[in-house]
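S.K.: coordinates only, sequence not included:
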């Protein structure tokens, strides 16, 4: 089952790229795998396989299935660009109102929000197709669409958009084979300051800033 890659922070090398920037939700990474023969048959955190009996994350499975299971199944089976694929891995964020840096309040009402999908042998669905084909479901807000420049980066850092954590900036690089989706993250200064306050100066690395 495919794991979600570790995301790098933005660098000057991606300035000038066309991006879709989505609200980066602050929770725990959860993954769900589907095939046309077996339906939803594998579940995991970022690194560990789980089932509904898992003490910490098991509740994410029925939340996801109730919210997305049938509709995603329909899209994967009927949409021309998806219906012949052997598997899809759907990535979501498991979170509550008071979730922060992967920690959760046991009194919160938890939710799952999908933010990326990998199609077998094709990789991540492009941000354009993700918005076009899945925005009628609950996906993270699209904060910005356009050229990645210093002004936008500073606006995210200064939290002009009222974000909790920051954004995931997604773009597409053309290749001779499949187009390759790249993803970088930009954090708000508010979130970084809170991280310092909760866990100390050593919790913040230079590439976050």
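M.R.: Structure received. Quick caveat: nothing in here was measured; it's all calculated off a predicted structure.
S.K.: pull out the buried positions in stretch 191-201.
M.R.: 191-192, 194-195 (16 or more other C-beta atoms under 10 Å). Bear in mind the C-beta positions are built from the backbone N, C-alpha and C, glycine included.
S.K.: how far out from the middle of the chain is it?
M.R.: The chain centroid and the centroid of stretch 191-201 are separated by 22 Å, computed with C-alpha atoms, centre = their mean, to the nearest Å.
S.K.: show me what it is in contact with.
M.R.: Contact partners of stretch 191-201, identified using C-beta atoms under 8 Å, 6 or more residues apart in numbering, comprise 26, 100-101, 163-166, 203-204, 208-209.
S.K.: turn the buried residues of stretch 191-201 into CSV, including pLDDT, secondary structure and distance to residue 52.
M.R.: Output for these, formatted as CSV (pLDDT from 0 to 100; DSSP: H, G, I helix; E, B strand; the rest coil; distance: C-beta to C-beta, whole Å):
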residue, pLDDT, secondary structure, distance to residue 52
191, 97, helix, 31
192, 97, helix, 35
194, 96, helix, 32
195, 96, helix, 31
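S.K.: what's the farthest-apart pair in those?
M.R.: 192 and 194 (7.3 Å; C-beta to C-beta).
S.K.: now, among the contacts of stretch 191-201, which is nearest to residue 107?
M.R.: For the contacts of stretch 191-201, the nearest to residue 107 is residue 100 (14.1 Å; C-beta to C-beta).
S.K.: pLDDT at that closest one, what is it?
M.R.: On the pLDDT scale, residue 100 is placed at 97.
S.K.: what is the nearest of the contacts of stretch 191-201 to residue 75?
M.R.: residue 26 (26.9 Å).
S.K.: give me the neighbour count for the closest one.
M.R.: Residues within reach of residue 26, counting by other C-beta atoms under 10 Å, total 20.
S.K.: how about residue 186?
M.R.: The burial count for residue 186: 23, using other C-beta under 10 Å.
S.K.: bridging residues for it?
M.R.: residue 167 (DSSP bridges).
S.K.: please begin residue numbering at 634 from this point
M.R.: Got it, the first residue is 634 from now on, which makes the last one we talked about residue 819.
S.K.: surely it is in contact with residue 800?
M.R.: Yes - contact criterion C-beta atoms under 8 Å: residue 819 and residue 800 qualify, at 5.2 Å.
S.K.: most neighbours among the contacts of stretch 824-834, please name it.
M.R.: Neighbour counts for the contacts of stretch 824-834 peak at residue 799, which has 27 neighbours (criterion: other C-beta under 10 Å).
S.K.: show me where this protein has helices.
M.R.: 693-697, 703-711, 760-767, 783-790, 822-832 (DSSP state H).
S.K.: thank you kindly, that will do.
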